[in-house]
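Participant: Return atomic coordinates for the entry below.
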Amino acid sequence: MSQSSFQKPNYLLGATYDAPVHPAYSRQARHTEVYYTSWYINKGRVLIEQSGERIIGESGNWIFFDPMCPRAHRFEDQSEIVSIRFQIRWHGLDYLPPLIPVRVEQDEADSPLLRVSRQLCRLNPKVTEGKPAPLQAADYCHQQAVFYEWLSLWHQLRDRQAPETGLGLEDPRVFTIMDYYRDRISIQPIDFSALQQAVQLSRPQINRIFKSGTGLSLHQWLVSRCLDEAQKEIRKGKLSIKEIAAQLQFYDAAHMTRWFRTQTGRSPSEWRALQSEAH
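Facilitator: Predicted coordinates:
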């Protein structure tokens, strides 16, 4: 696979939120997300713990999180935030490498990033009986236009925070490994014998090439894919937890529930219930 086959990123807008912090999210134990998350602290403060580091965000701060970075947080009572969550899909990755640690940035109340963030939040679909109403074509296009304006500002800031961020991986063999797992989303251990035969690389080469190219171990990447797929199916609500567990090759529903709680801090049913309640 050559450099010419690289794909442009696909950006997927998640939940947006401009209000007091929902009680369900005011305190969160160690968890992992597949979203890029940006918080503007409009009122109050938050304590964040990531990789043993304690970080405080206060009124007037933006806080930026990359996906797949385990963290915990605790908001002060009566805190208010603007929250924008989105995903990047790029040639099998759910992010653009490199992943960088949590960042805190001071911002002005009338900055373009905050202004467009609030505008994006105002474009949330109306919620009726706990379910968002479908967007009309014109409304969807308007929302996407504002979203891409926001992304442009976000990328400008990120480029200053991490100048090495860009589109491209030096070793195309990373994509060969990813292609092998394109239709193999599973929680089961890595079958290195089959993978080595398919990609014609040794196990040490696979581990070194993948970690160097993506910033994640192959195991971490596969776990993130499994979490993303589990959350998508749970959010849809068409399959039972038992069916999702079987699809992702967990031993049983209890195994998946324990794993999901470890990843997100909540059981699948708790996580699904919160999707319609808060950001």
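
Participant: Tell me which other helices or strands whichever strand or helix holds T257 touches.
Facilitator: Using DSSP states H and E, T257 sits within helix 253-264. Applying 3 or more C-beta pairs under 8 Å, 6 or more residues apart in numbering; DSSP states H and E, we find helix 253-264 packed against helix 218-236, helix 241-247, helix 268-275. The C-beta positions use only the backbone N, C-alpha and C, and glycine is treated the same way.

Participant: 10 Å - rerun?
Facilitator: Counting contacts by 3 or more C-beta pairs under 10 Å, 6 or more residues apart in numbering; DSSP states H and E, helix 253-264 is packed against strand 27-31, helix 218-236, helix 241-247, helix 268-275.

Participant: could the ones you listed go into a markdown table alongside distance to Q106, mean neighbour count and mean pLDDT?
Facilitator: What follows is the helices and strands packed on helix 253-264, written out as a markdown table (distance: least, C-beta to C-beta, whole Å; neighbours: other C-beta atoms under 10 Å; pLDDT from 0 to 100):
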| stretch | distance to Q106 | mean neighbour count | mean pLDDT |
| --- | --- | --- | --- |
| strand 27-31 | 24 | 15 | 89 |
| helix 218-236 | 31 | 18 | 92 |
| helix 241-247 | 42 | 17 | 96 |
| helix 268-275 | 30 | 16 | 86 |
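
Participant: For N207, find the nearest of these.
Facilitator: With C-beta to C-beta as the criterion, N207 lies closest to helix 218-236 of those, at 6.5 Å.

Participant: elements contacting that closest one?
Facilitator: helix 173-180, helix 203-214, helix 241-247, helix 253-264, helix 268-275.

Participant: With respect to E105, which of the ones you listed lies nearest?
Facilitator: helix 203-214 (25.4 Å).

Participant: mean confidence for the closest one?
Facilitator: For helix 203-214, the mean per-residue pLDDT is 92.

Participant: What are the buried residues along it?
Facilitator: Across helix 203-214, burial judged by 16 or more other C-beta atoms under 10 Å covers 206-207, 209-210, 213-214.

Participant: Stretch 170-177 too?
Facilitator: Neighbour count says stretch 170-177 has 173-177 buried, by 16+ other C-beta under 10 Å.

Participant: any idea which of the residues you listed is least confident?
Facilitator: F175 (87).

Participant: Secondary structure of N42: a strand, I assume?
Facilitator: Yes. Counting by DSSP: H, G, I helix; E, B strand; the rest coil, N42 is located in a strand.

Participant: Could you report the neighbour count for the closest residue to it other than its chain neighbours?
Facilitator: Leaving aside its chain neighbours, N42 sits nearest to E80 (4.3 Å; criterion: C-beta to C-beta, 6 or more residues apart in numbering). Residues near E80, counting by other C-beta atoms under 10 Å, number 15.

Participant: And the buried residues of helix 203-214, which is closest to P97?
Facilitator: Nearest to P97 among those is T214, at 5.4 Å by C-beta to C-beta.

Participant: For P112, find the nearest of the helices and strands packed on helix 218-236.
Facilitator: helix 268-275 (29.6 Å).

Participant: That closest one - contacts with which helices or strands?
Facilitator: Helices and strands touching helix 268-275, by 3+ C-beta pairs under 10 Å, 6+ apart, are helix 218-236, helix 241-247, helix 253-264.
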